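*Asks:* Fold the stuff below for me.
(chains A and B)
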Number of protein chains: 2
Amino acid sequence: MHRTKVTVVEEALDANNTIATANRADFDRAGVSVVNLMSAPGAGKTTLLERTVRELPGVRVGVLEGDVQGSMDADRLASLHVPVTQLNTAPAFGGECHLDANMVRTALPSLPLDEIDLLIIENVGNLVCPSSYDLGEELRMVLLSTTEGEDKPLKYPTIFNGADIAILTKMDLAAATEFDLAAAQRNIQRVRPGMQVLKVSSKTGQGMDMAVRLLEETRTSMLQGLG
Amino acid sequence: MHRTKVTVVEEALDANNTIATANRADFDRAGVSVVNLMSAPGAGKTTLLERTVRELPGVRVGVLEGDVQGSMDADRLASLHVPVTQLNTAPAFGGECHLDANMVRTALPSLPLDEIDLLIIENVGNLVCPSSYDLGEELRMVLLSTTEGEDKPLKYPTIFNGADIAILTKMDLAAATEFDLAAAQRNIQRVRPGMQVLKVSSKTGQGMDMAVRLLEETRTSMLQGLG
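*Replies:* Here you go, the predicted model:
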């Protein structure tokens, strides 16, 4: 009687994880670092992109713009003279409120991976579902604007818990909106102990040097990981 | 040979619509007007609720609070001494990014319909998916805060197109955020021609009388519809 070796599959990967793993392998092969940028609508993802991309020295940046429909953000970014690819979730992907690994994979042939070092994926504006979908990225950033309120990390803990870095945007409006910075920091640490938090304002320029340095470091640590 | 009458079902109602219709019938029977309040996270749904509920004369208000998890908003509203029911989409409903008719139906036994005239349902903070789910409401309001930017109606047209009223919140921050009011109005009218737009600030009180009057009118027109 034959005795076959029984392999127990410990973790049943769902389709999204399988495709995300394939995306990650392709990005690694091309030597491209990938950042997944997530936030509520209007928190300032595109503005942060505009500011940092302009100031990133010696790093060739590409952008994958996720939106339900339209190409308004991609049009804004086109003036930066970096490759921008628009990925719409409607109608091809049912008007989904988030990007998933398969959508990113569908966009891969449109991305000039050989010509960029850093790919920034701007997710659909939403604090819930984007957190559940690995896209194949190396780093997840979640933005929270002061105008949204300091309670949001507790109301949407999964997206903060699953991110590597939190960026507090619109710091110039903190006083006008009576934003409780200490409470925001506490709430973030409660859902994600030890999380690094940047405070930025694209209006005053506060923290922009830190944001740029962070993106540079992402690139450097990825290269070291490969080396 | 028998000839049976063939009924052509013109519109296949999905499960959500079927349940929404049942909800609507129950609300009508109880004489309760229902408003579905939708917006991005932090646009000011709860604050608008706090302000208007306090000033609604002679109308018994109840609130159904939709959140992914937690009861922070319900706790805030509890001090208003109106019945507040918390409905969490996690874990019972898979952590969904929106309310649907079945969730509202599940909450019905917890709502004191005989003791209220107006039920305000605060949806999960999200500009995408809530638009696709009829809850059985009579009126849909979508909030857009000036801090989110005037481009949002074009980026999230479905939620504006499917709403009856748009409310521009945080008008006190319009100057500081360089909010282009004329462009916002144009963008709203482009996706929903003829849409009524209120401009409010809970900080300065601007437009709060109009918001209160609107909720009163919703109640009155519903009673006339039944009479």
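
*Asks:* how long is stretch A:180-200 end to end?
*Replies:* End-to-end distance of stretch A:180-200 (C-alpha to C-alpha, to the nearest Å): 15 Å.

*Asks:* Name the residues of the longest helix belonging to chain A that come out as buried.
*Replies:* Using DSSP state H, we find that the single longest helix of chain A is helix A:208-226. Judged by neighbour count (16 or more other C-beta atoms under 10 Å in any protein chain shown), helix A:208-226 contains these buried residues: A:208, A:211-212, A:214-216, A:218-219, A:222. To be clear about C-beta, it is placed using only N, CA and C from the backbone, and glycine gets the same treatment.

*Asks:* I'd like the distance between the closest residue to A:D114 other than its chain neighbours and A:T220.
*Replies:* Closest residue to A:D114 apart from its sequence neighbours, by C-beta to C-beta, 6 or more residues apart in numbering or on different chains: A:A30 at 6.4 Å. Using C-beta to C-beta, to the nearest Å, A:A30 is found at 17 Å from A:T220.

*Asks:* Check whether A:L143 sits in a helix, strand or coil.
*Replies:* With DSSP: H, G, I helix; E, B strand; the rest coil as the basis, A:L143 sits in strand.

*Asks:* That one touches A:G44, doesn't it?
*Replies:* Yes. Between A:L143 and A:G44 there is a contact under C-beta atoms under 8 Å: 6.1 Å.

*Asks:* and the longest helix of chain A, C-alpha only, in PDB?
*Replies:* Provided in PDB are the C-alpha atoms of helix A:208-226 (Å, rounded to 0.1, in the frame of the first residue of the first chain):
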ATOM      1  CA  MET A 208       6.800  67.900   3.500                       C
ATOM      2  CA  ASP A 209      10.600  67.200   3.900                       C
ATOM      3  CA  MET A 210       9.700  64.300   6.200                       C
ATOM      4  CA  ALA A 211       7.200  62.900   3.700                       C
ATOM      5  CA  VAL A 212       9.800  63.100   0.900                       C
ATOM      6  CA  ARG A 213      12.500  61.500   3.100                       C
ATOM      7  CA  LEU A 214      10.000  58.700   4.000                       C
ATOM      8  CA  LEU A 215       9.400  57.900   0.300                       C
ATOM      9  CA  GLU A 216      13.200  58.000  -0.300                       C
ATOM     10  CA  GLU A 217      13.700  55.600   2.600                       C
ATOM     11  CA  THR A 218      11.100  53.200   1.300                       C
ATOM     12  CA  ARG A 219      13.000  53.100  -2.000                       C
ATOM     13  CA  THR A 220      16.400  52.600  -0.200                       C
ATOM     14  CA  SER A 221      15.200  49.800   2.100                       C
ATOM     15  CA  MET A 222      13.600  48.000  -0.800                       C
ATOM     16  CA  LEU A 223      16.900  48.100  -2.700                       C
ATOM     17  CA  GLN A 224      18.800  46.900   0.400                       C
ATOM     18  CA  GLY A 225      16.200  44.000   0.700                       C
ATOM     19  CA  LEU A 226      17.000  42.900  -2.800                       C
END
